[in-house]
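Colleague: sequence first, predicted model second:
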Amino acid sequence: MRVIVTRPHLSGHRTAERLRQRGHVPVVLPLTAPTHDVLAARRALEKPYGALAITSAEAVRALSKLEDGLDPHRAATLFTVGKATAAAARNAGFTAARSADGSGVELAALIADHFARHGTPADPLLYLAGRPRAAGFERALAETAIAFRTVECYHMLPIDHDPDDLRQTLVERPVDVVLFYSRENVERFFSLPVFLRDQAALSRTRFLCLSRNIANAVPPQFDTQIGVAASPEEDDLLYLV
């Protein structure tokens, strides 16, 4: 099957390789590109914190640009949203990474449980975040009365693709599957100008989403073409392809 991968370049090519190994034809179509705010990350880590939290491997990539400046923090307790993010953190040298099951609400629950069993730190949790981002994690933290501060250490900026390239990729050749990993990319995908003229090109396409929250951003006319992963992990998403 011909599968459109809407992830940023680096993670998108990793996903493409997994699809290729399964016999599919992946097409990486990044809709955003990251820019890292290394200064913000450095300043955030200079202030006292009780533990770290991240909801994307992109935060790990931003932190890694601190190089030796990250060394004093690699043993800090680090809470991550899912297995892939935890693996990225461990590969970057973090030795105390703990993983939730893929959602911000579950991550907040993991942190609350850990603090209940081991004691709440005197200093706030430091959430190293991106922009844009879902509000679920911060909302859940606030509901559990966990003290935290959020610092944006990366931004995802939209990519302007050439309209002719998009038409060749998405209209002139049939698309069997589109993979979505965020609500923002769902909204960007369906806002591409090529679909204002040729939305019929998607009439047989399946839209596979990492979570129900992401799927809710797909336009209602495609409801019958949506698939949702059993858990917010890429393994479960690719199982649907």
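Modeller: Looks like it arrived, so ask away. Numbering: from 1, shown residues only.
Colleague: buried residues in the least confident helix or strand in the chain by mean pLDDT, which are they?
Modeller: In the chain, no helix or strand scores lower on mean pLDDT, DSSP states H and E than helix 193-198, which sits at a mean of 82. Across helix 193-198, burial judged by 16 or more other C-beta atoms under 10 Å covers Val194, Phe195. Placement of C-beta: from N, CA and C, glycine included.
Colleague: and stretch 90-109, by the same measure?
Modeller: In stretch 90-109, counting by 16+ other C-beta under 10 Å, buried: 90, 92, 94, 97-100, 102-108.
Colleague: pick the one among these closest to Val218.
Modeller: Nearest to Val218, judged by C-beta to C-beta, of those is Ser103 at 18.2 Å.
Colleague: domain parsing for this structure?
Modeller: With domains defined by automatic domain parsing, the chain comprises 2-31+159-239, 34-157.
Colleague: distance between the ends of the longest one?
Modeller: Think domain 34-157. End-to-end distance for domain 34-157, by C-alpha to C-alpha, to the nearest Å: 6 Å.
Colleague: and that domain, what's its mean pLDDT?
Modeller: On average, the pLDDT along domain 34-157 is 96.
Colleague: run the chain-centre distance for that domain.
Modeller: In terms of C-alpha atoms, centre = their mean, to the nearest Å, the centre of domain 34-157 is found 13 Å from the chain centre.
Colleague: all strands for this structure, in order.
Modeller: Under the criterion DSSP state E, strands of the chain are mapped to 2-5, 25-28, 32-36, 51-54, 78-80, 97-99, 125-131, 148-158, 177-180, 206-209, 226-228.
Colleague: kind regards, and thank you for your time.
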